[in-house]
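> only the shape, not the letters, is given here:
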């Protein structure tokens with residue numbers, strides 16, 4: 001082989017080696033799938049992670065935990081999943097995915113009404129009033145399952161006008177004046193500010209959700225997936241979650 005041919009072969013080998021390394025390099029974007037109720041807290045946690053890891057982006061997609069879990073079991077490529085209850089996370093294990101979730105935080109339900117409380121809602125018993133427009137989360141999503149448990153324990157047969165896809169959509173009905181009352185998480189009432197009014201909910205301290213977070217198998221972002229999970233589970237991460245109303249405090 002001539003010197004020129006040998007040199008070209010070495011150059012080609014070097015290029016192929018570099019391309020191989022690039023192809024194996026972890027993605028510089030951490031893709032997170034998170035329950036809709038985590039929106040404000042995870043937006044902040046994503047921002048602080050990016051500040052601490054220059055050049056790394058965090059992209060968070062929010063939705064109902066059940067929908068996101070279905071996307072994961074169907075093969076969606078993501079790095080981290082945070083669910084609003086244990087049953088949804090368990091569905092990943094039941095589907096054969098080797099995940100090892102950690103407890104992230106907890107949440108409780110609260111009645112949300114429009115400012116001024118035009119329906120004069122006082123408690124859970126009012127959810128049976130047919131003259132009111134009542135909004136609940138769909139039964140298959142965590143906030144809907146918790147609402148059903150809370151109402152059953154109170155012996156209330158709710159007169160529901162609309163079931164929404166997730167807690168944010170449910171709260172939006174109240175914000176827009178399209179519902180007189182809804183059962184949502186207290187964190188969502190806190191985040192909504194003066195757009196809604198929260199009412200104390202008898203029995204809500206006995207019914208709540210435990211949130212879990214896990215890295216997903218073969219995360220495209222490699223070790224950065226575990227780094228992000230460690231970030232949200234850190235004391236600083238829990239302080240952020242507590243500021244948005246999560247936890248038992």
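Everything's here; your move. Not measured: the values here are computed from a predicted model.
> only C-alpha atoms for contact and neighbour calcs from this point on.
Will do.
> pull out the buried positions in the strand ranked longest in the chain.
Criterion DSSP state E: the longest strand present in the chain is strand 102-113. Neighbour counts over strand 102-113 (16 or more other Cα atoms under 10 Å) mark 104-113 as buried.
> all strands for this structure, in order.
Taking DSSP E as the criterion, the chain carries its strands at 29-35, 57-63, 80-83, 102-113, 134-137, 162-164, 181-185, 197-199, 208-215.
> quick one, which of the ones you listed gets closest to residue 242.
Nearest of the strands of the chain to residue 242, taken as Cα to Cα: strand 102-113 at 8.8 Å.
> direction included, what does the closest one pair against?
Paired neighbours of strand 102-113 in the sheet (DSSP bridges): strand 181-185 (antiparallel), strand 197-199 (antiparallel), strand 208-215 (antiparallel).
> mean pLDDT, mean neighbour count and distance to residue 123 for those strands - can I get that in a markdown table?
What follows is these, written out as a markdown table (pLDDT from 0 to 100; neighbours: other Cα atoms under 10 Å; distance: least, Cα to Cα, whole Å):
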| stretch | mean pLDDT | mean neighbour count | distance to residue 123 |
| --- | --- | --- | --- |
| strand 181-185 | 96 | 30 | 10 |
| strand 197-199 | 95 | 21 | 8 |
| strand 208-215 | 94 | 23 | 17 |
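> nearest to residue 166, of those strands?
Of those, nearest to residue 166 by Cα to Cα is strand 181-185, at 9.4 Å.
> which residues are contacting the closest one?
With contact meaning Cα atoms under 8 Å, 6 or more residues apart in numbering, strand 181-185 is reached by 37, 107-114, 119, 121, 127, 132-137, 143, 147, 167, 170-171, 174.
> same question, stretch 90-102
69, 72-73, 89, 212-217.
> identify the farthest-apart pair in those residues.
Farthest pair in these (Cα to Cα) is 73 and 212. Separation: 16.6 Å.
> pLDDT below threshold where in the chain?
Along the chain, the model assigns pLDDT under 70 to residues 1-26, 249.
> need the helices for it, in chain order.
For the chain, the helices defined by DSSP state H occupy 3-24, 39-52, 65-73, 86-94, 142-154, 167-175, 186-192, 223-233, 235-243.
> to residue 208, which of those lies closest?
Minimum separation from residue 208 across the helices of the chain (Cα to Cα) falls at helix 142-154, 6.4 Å.
> now for that closest one, which elements pack on it?
strand 102-113, strand 134-137, strand 181-185, strand 208-215 (3 or more Cα pairs under 8 Å, 6 or more residues apart in numbering; DSSP states H and E).
> can you pull the contacts of residue 231?
Contacts of residue 231 (Cα under 8 Å, 6+ apart): 45, 49, 237.
> just the residues you listed now: which is nearest residue 28?
Set against residue 28, the nearest of those by Cα to Cα is residue 49 (12.7 Å).
> do I have it right that the closest one meets residue 230?
No - when contacts are counted by Cα atoms under 8 Å, residue 49 is not listed as touching residue 230 (10.3 Å).
> out of these two, which sits in the busier spot?
Taking neighbours as other Cα atoms under 10 Å, residue 49 and residue 230 compare with residue 49 leading, 18 against 14.
> gap between the more buried one and residue 151?
39 Å (Cα to Cα, to the nearest Å).
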